[in-house]
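A.B. asks: Provided below are the primary sequence and the corresponding predicted coordinates.
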Amino acid sequence: MKVFKYMRGAISFKKYYRLLNDLYVTVFGRELMLHFPFYMNEDESFIQRQNNLIDHCLSGLGDLSGQTLLEVGCGNGANCKYISEINDSVKIIGIDLNEDNLVIANQHMGSERTVFYHDDAQKLEYIEDSSVDVLICIESALHYPDKNAFFSQIKRVLKPEGKFLVADILRRKEDSGRSLWWWKRTMLLHHTNENDYLGYAGENKLHYLAIRDITPEIVKGYDGHKSWIPRENRSWGSFVLLQFTLALLVRLYLKELRKHKKYMVFNGVHA
């Protein structure tokens, strides 16, 4: 039954992203970005608020024209496709460990200027030294058990004048790390704190140009979420199931972001 499929997907790393992709195709008719929404204005659609987050992150990276951009943890490739559409001269490389997502990326998100590889963020075996102008990592580093290894790879693959951006969900100072521990274990979540992030940069001779807490915009991004699933052309049972799944996921997200976690964006360069 779909209800059990959705519930298992919500609490399993292996099935979570498959669940999201399935939900987006069911509701919107296509795969969407896999990250949180970012609020800018009232009456925005879910898709617009997802785009808002990418726009906000890219705003601190300058003009990407003619540059090579690497997205670490590219998921299903929707971020890469969006960036390619808003800048028709940027070369994009996406890497991810999730093979299901990479199937979608290669089938629907690739182009002559965008390629995808199966690779580990802590190794980046497909990426040559000093070959990347811009590196971004959006809502992926929370799954990396060795973030210092990831930051050492940022240092290695960036050109001397290159820039990087990491958007991650961090523990607040008062968070003991025990909230929703069962979910973190099954979802392979490895949250860390802001002090650790300062250490990752320092140890790898990287320098932050800006550090931003965008938790309020992410939390508010879920305003109006009950209207995101249209009722028309759906059976009553399908509509209720989708609303239930959405409500469960949003409740988990907001509980963490309001009490235990914060959403941080780090922009940096070589030190």
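C.D. replies: Received the coordinates, thanks. Nothing here was measured: the structure is a model prediction, and the numbers come from that model. Residues are numbered from 1 along each chain as shown.

A.B. asks: show me what contacts residue 27?
C.D. replies: With contact set as CB atoms under 8 Å, 6 or more residues apart in numbering, residue 27 has these partners: 228-230, 242. C-beta here means a position set from N, CA and C on the backbone, and glycine is covered the same way.

A.B. asks: what subset of the residues you listed is buried?
C.D. replies: When the contacts of residue 27 are checked for burial by 16 or more other CB atoms under 10 Å, the buried set is 228-229, 242.

A.B. asks: would residue 161 count as being in a strand?
C.D. replies: Yes: counting by DSSP: H, G, I helix; E, B strand; the rest coil, residue 161 is part of a strand.

A.B. asks: roughly how far does it sit from residue 153?
C.D. replies: The spacing between residue 161 and residue 153, counted by CB to CB, to the nearest Å, is 18 Å.

A.B. asks: got it, and residue 26?
C.D. replies: On the measure of CB to CB, residue 26 and residue 153 end up 36 Å apart.

A.B. asks: which one of those two has more residues nearby?
C.D. replies: Counted by other CB atoms under 10 Å, residue 26 and residue 153 do not tie: residue 153 has more neighbours, with 22 against 15.

A.B. asks: give me every residue that touches the more buried one.
C.D. replies: Residues touching residue 153, when contacts are defined by CB under 8 Å, 6+ apart, comprise 121-124, 127.

A.B. asks: I'd say residue 106 and residue 116 touch.
C.D. replies: Yes: using CB atoms under 8 Å, residue 106 is in contact with residue 116, at 5.6 Å.

A.B. asks: please enumerate the shared neighbours of these two.
C.D. replies: Residues touching both residue 106 and residue 116 (CB under 8 Å, 6+ apart) are residue 77.

A.B. asks: more neighbours: which of these two?
C.D. replies: residue 116 (24 against 16).

A.B. asks: quick check: buried residues in whichever strand or helix holds that one?
C.D. replies: Secondary structure assigned from DSSP states H and E places residue 116 in strand 114-118. Within strand 114-118, the residues scored as buried using 16+ other CB under 10 Å are 114-117.

A.B. asks: which regions of the stretch 151-271 of the chain sit below the pLDDT cut-off?
C.D. replies: Regions of the stretch 151-271 of the chain meeting the criterion pLDDT under 70 cover residues 176-187.

A.B. asks: try it again at 80.
C.D. replies: Within the stretch 151-271 of the chain, the ranges that satisfy pLDDT under 80 run 175-188, 231-234.

A.B. asks: where do the strands sit along the stretch 101-250 of the chain?
C.D. replies: Read by DSSP state E, counting those that start in this stretch, the stretch 101-250 of the chain holds these strands, from start to end of the chain: 114-118, 132-138, 158-171, 206-213.
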